[in-house]
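Engineer: my questions are about this predicted structure, shown below with the sequence.
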Amino acid sequence: MLLPLASCSNGNTTGAGGEKGTVTQGLVSGPPSLTVLPERKWPTMAALSSSTGLEALLSTLQDSVDAGNTLNILNVLDELLSAGTDRRIHYVISKGGSEALLRALVNTARAPAPNYAVLLPLLHLLAKVGHRDRKIGQKAEKAEAVLLTLGLLRQNMKRARRAAACLWVLQAFCSSVSTASFIGKNRGLDFVFKLISSHTTKHTRTVKAAIDTLAAILHSKANSRCAVTKGYISRLLKLYEAWHHKDTDNVNVPIRIALLHCLHHATNTAAGSAALVAEGGMALLFQTTQACLGTKCLESLVESAVQLMRKCFPKCPVPLTSDQSVYSFPLPGRPISSLATDPGPQDDSFEDDSDDDAKTDEPDHREYDDDLETDLEKLRCRPEPDRPLEQLGQYVRLCPELHHDFPDLDSCSELEDSSDEELILDGEGRKQGGRILGHRREQGDSSGAACQKQASPEEAETPPVREGGGPAEKGLKARDGCGRRHSRSRAKTDDHSMVDRLLKSHGACIPNHDPRKYTAAAARTKSIAGYSILAFPDFWGHLPPNHQEPMASRKPNVQRQKVFEDIQRLLCPEDVIDQVVFDLEDPSPPGLQEHPDSLHFFSKFECGNLRKAVRVRNQEYDLILNADVNCSQHLQWFYFEVSGMSASVPYRFNIINCEKANSQFNYGMQPVLYSVREALQGRGHWVRVGSEICYYRNHFRPSGQQKGPSYYTLSFSVTFRHSDDVCYLAYHYPYTYSALQTHLQMLEQSVDPRKVFFRQQSLCSTLAGNPCPLVTITACPPCRSWSHLYQLRNRPYVVLTARVHPGESNASWVMKGTLEFLCSSDPVAEGLREAYIFKIVPMLNPDGVINGTHRCSLNGEDLNRQWMKPDPALSPTIYHTKGFLYYLSSIGRTPLVFSDYHGHSRKKNVFLYGCSVKETLWQSGSSVNTATLKEDPGYRTIPKTLDRIAPAFSFNSCSYLVEKSREATARVVVWRELGVLRSYTLESTYNGCDQGIYKGLQTGTRELEEMGLKFCQSLLSLRRNTLLYNRKFFNHASALLDLDDSLLDHKSHNSFEDDEPPCVEEIEYLSDSCPEHGGDKLDSEVNGNVSSSEEEGVEEERRDGPRNGALRPDRRSCVIPHPVCDASPETLTAKRAMRSGVDIVNGESFS
């Protein structure tokens, strides 16, 4: 047991280790005669952990009236706490250490003749402990130690060592904002500020302590406002300027950083920021920062100054008349007048299965597990269908494979069927009818004879609609390589000949793409704006480049340089052109006429999104995106045309109204560019471009808000290869609705109808009247025998969907790979068609894709949040897709697999989200014993397979957690309501991979299409219990069928959030960027105050008595008693409950 020190009347003291020392106290007259305490055997942590001994020691401390006894206890505590880690200090705090020190401080300071030989080490130890006690402020107020310490500071303003000790304690007290406010009410700001002098070489430790304490007091916004009122902003700027100019040897950089720290806290209010700007703070900080660039030891100072300038940069609205989208659409059952109002904040407090659209200023301290579903019944139960069974009959037409009698096939005998060697045996070895790979049939060729196209609603030619909704008089137009427009009218043969001449001259040859068919499909596409222009890349087509493109390297301090250029706009407004050169609402902006040498922009075409372009400098443009239709949010997707450039000149583009808090653009991602001139020379590629790319918070806010968070800027520079080219820039590889229609038409013509059953039907019409295609793909039976038809009609269903979010164009490229593989003559594809019936909805949100939105449909809502109770009028594609799934379930054909293809903007690689009861309950910390739950682990089979065969796939990024915030997504609803075990969201990155053979490479369309192919191949793993006796097929699929039943070592985690490290440069500017004192750093300063004599004169040395240095580095300070030398200060008290202030100079009470 750790024994307390015993007070002896003869001055002898017994240490905790049993050693004795003699102290001649000399409290009455003359300097003390000292016998240094011998080195003790200090107690171990085990002894310290003895609560009885520690509590007795602390009890003795707060009740002690003997100076020598108090000093020895302080010395023991200091040695104990200095020898270990912070864990010891926190243990002492938990046993009431802070309260004991505070009580000792109050008792000693209130004595008739306070003994500073005791007070000084007591303050030092209290500063060390209090800095690590989060509740020290409240404890100090309760002990009535706050104003008492402030009084000690006032009494010792000219005694640097004592003042510093008081300042450190006050700084610790201010960890509580309420305590900081209390100190401010009692003129604490004034007293502390008096100790901050202009540049000096004396008492620098005390000056630094005063600045740090002032910053701590300014944690309170009430104090910040008071500081602004008293003109402290101007005085702090002058102090910073003086220290900057006179500290030529950079020996007092910590003081300069501390001054910036004060300014950070003083400008936490709008009045503070405005005062800094009004006092010329932006110019001062900019000039002083420029002088510090290139000096390594000043890097932290530069970063703090940059963050301060960013925070104080005056907020201004984006130059728009309204935050609402330029496009609106009248919705059924809603008055048109309601569309002009802001719908309010969307439910974006969570990240979607595909992406996180959340944007918040304050950090989210909510535990991740709080969002997990913990109700076992809710996880297990199957809700009742959201519609009566009678309504499902309308979906019979969507299963033609179940009713088609294949009249073009020959009949064959059952005897021939039964004698075929290629039979399917189930896992028990029983014979089943039907062939998987009938070797007697010739293999289909992907370029084989075209089959007769069946009439479908979406193939009826429909003229484009204008904004008014009526037919367009003019035909559809497209831009050729020189930027000219040529019309595409069905009534004029000369327009056909123009396209023909262009194709004949330049010979476009893109697999599964035909510019003529694309033009016809685009003419039938209905848009809100009545598009009459084709974007050349969509018209001409895209081939992936021959080489893979690495992730872009980030130039050091690239964001800082961009911020400096932004600040120069404020400081030198005469250098800013500020002319609008493109406006979606104004066809002829004045800026374009005044500056004919400007770049030309255009975005009024399918999938296009650019609302406004402002020329800022000769080669710099601010770009503003258009919000989703019928709302004012969801700003990420961009796709626009730019022309009129000069070759080899870097142009900077700033997209200034982005919403997300981070982006893969900070981690190597680049936008994509398509050059018309390159395409006409045989290089029709979308390529990754852009240098000096960064993504950071800016000073722009929504035009309709006086307050609120500001937007983010995506800044990148592009150097064009050709002058006067026509180029297109996009967030990601565009894939239009018209491209899908063309692709489906080409695929249907490419398959052999004797082998491939391919049907395209219209699931329903969208709000704008565009058909939503549903595609059926399976294998035709070899003949019309009963057994073959029976095998066809009993194949399990696989349902695939994509592009519910229009901005996730990568999902369409993955779907393109899936469709092309399933229609190919690859032996594995043939086996898949024999094994499954594929039902594919390749674009769930055609209207959103057509009109260039990022997340929503025309109803202004996220369709992937409508699956629980979809509205047939407002969300028809979701309503009917869910209805079709219900229909399959009602006839006993619940899909074996459901997968919804998405894109992810804040993670790398490709991965799956699935659903698991056990993993969700285990991760949430539920009290349910998951060991007793039975769950089919088959939901992991496909991810395991993909991890082996798909280079871009990351098994460790997969998650199978069911979250409350995602209960209305397709994945969760299909799993919960229809009982589909393998219900997934397939997420594809916009950026690239950080593992496998694609590590460090950006993902292109080739890799995305490959992912669609690999997903199909992974489905074979579900049929490995059905042995396929076909040697040719088995050679291709053996790796897929030879899977280990054991689960990979993987644990679900928060895969919905970012998995990137912090950006090398601070994206936000709301944080202080000047970290508070670290514990060890403060300990070092306190110990320096004990051991150093540089700051005290001879008189103070004589008054305070000799000082012994610290025995050890870090926290160590051996406490030696000092004589009493000063009269007692005024005794100051205040009742905390009254929350009133006390003027510690005049003793007057005030509120």
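Structural biologist: Sure, I can see it. Residues are numbered from 1 along each chain as shown.

Engineer: residue boundaries of the strands in the stretch 1-150 of the chain?
Structural biologist: For the stretch 1-150 of the chain, strands defined by DSSP state E, counting those that start in this stretch occupy the ranges 6-7, 12-14, 20-22.

Engineer: which residues of the stretch 501-650 of the chain fall in helices?
Structural biologist: Per DSSP state H, counting those that start in this stretch, the stretch 501-650 of the chain has helices spanning 515-524, 536-540, 558-571, 590-594. These are given in chain order.

Engineer: what's the local residue count around the spatially closest residue to Val326 that is not a sequence neighbour?
Structural biologist: Leaving aside its sequence neighbours, Val326 sits nearest to Leu584 (CB to CB, 6 or more residues apart in numbering; 5.1 Å). Where you see a C-beta, it was placed from the backbone N, CA and C, and this is true even at glycine. Other residues within reach of Leu584, judged by other CB atoms under 10 Å, total 21.

Engineer: is it true that Leu584 touches Phe602?
Structural biologist: No: when contacts are counted by CB atoms under 8 Å, Leu584 is not listed as touching Phe602 (9.6 Å).

Engineer: residues touching the residue positioned nearest the centre of the chain, list them.
Structural biologist: By CA atoms, centre = their mean, the mean C-alpha position of the chain lies nearest to Asn662, the distance being 4.5 Å. Under the criterion of CB atoms under 8 Å, 6 or more residues apart in numbering, the neighbours of Asn662 are 695, 906, 1058, 1060, 1063, 1067.

Engineer: just those: which has the poorest pLDDT?
Structural biologist: The lowest pLDDT within the contacts of Asn662 belongs to Asp1058, with 57.

Engineer: let's see which of the contacts of Asn662 end up in strands.
Structural biologist: Among the contacts of Asn662, the subset assigned to strands under DSSP state E consists of Tyr695.

Engineer: just among the contacts of Asn662, which is most surrounded?
Structural biologist: Ranked by neighbour count under the definition other CB under 10 Å, the contacts of Asn662 are headed by Tyr695 with 24 neighbours.

Engineer: pretty sure that residue contacts Thr713?
Structural biologist: Yes: checked against CB under 8 Å, the pair Tyr695 and Thr713 is within contact range at 7.1 Å.

Engineer: identify the contacts common to these two.
Structural biologist: Counting by CB under 8 Å, 6+ apart, the common neighbours of Tyr695 and Thr713 are Cys658.

Engineer: just give the number of residues close to the closest residue to Val726 other than its chain neighbours.
Structural biologist: Distances taken as CB to CB, 6+ apart place Val676 nearest to Val726, at 4.2 Å, with adjacent residues excluded. When neighbours are counted by other CB under 10 Å, Val676 registers 24.

Engineer: and the pLDDT at Val676?
Structural biologist: Note for Val676: predicted pLDDT of 95.

Engineer: is it true that it touches Phe539?
Structural biologist: No: under the contact definition of CB under 8 Å, Val676 does not touch Phe539, with a separation of 10.2 Å.

Engineer: return the distance of stretch 705-718 from the chain's centre.
Structural biologist: When distances are taken as CA atoms, centre = their mean, to the nearest Å, stretch 705-718 is centred 15 Å away from the chain's centroid.

Engineer: need the CA coordinates for that stretch. CSV is fine.
Structural biologist: Taking C-alpha atoms only, stretch 705-718 is exported to CSV below (Å, rounded to 0.1, in the frame of the first residue of the first chain):
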residue,chain,number,x,y,z
GLN,A,705,-29.4,31.2,-48.9
GLN,A,706,-28.0,33.9,-46.7
LYS,A,707,-26.3,31.4,-44.5
GLY,A,708,-25.4,27.7,-44.7
PRO,A,709,-22.5,25.7,-46.0
SER,A,710,-20.6,26.6,-49.0
TYR,A,711,-19.9,24.5,-52.1
TYR,A,712,-16.8,22.7,-53.2
THR,A,713,-14.6,23.4,-56.2
LEU,A,714,-13.3,20.8,-58.6
SER,A,715,-10.3,22.5,-60.3
PHE,A,716,-8.3,21.0,-63.2
SER,A,717,-6.3,22.2,-66.1
VAL,A,718,-6.4,20.9,-69.7
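
Engineer: got a list of what Ser325 touches?
Structural biologist: Contact criterion CB under 8 Å, 6+ apart gives 626-632 as the residues in contact with Ser325.

Engineer: where does it land in three-state SS?
Structural biologist: For Ser325, the secondary-structure state derived from DSSP: H, G, I helix; E, B strand; the rest coil is coil.

Engineer: quick check: closest non-adjacent residue to it.
Structural biologist: Leaving aside its chain neighbours, Ser325 sits nearest to Ala627 (4.3 Å; criterion: CB to CB, 6+ apart).
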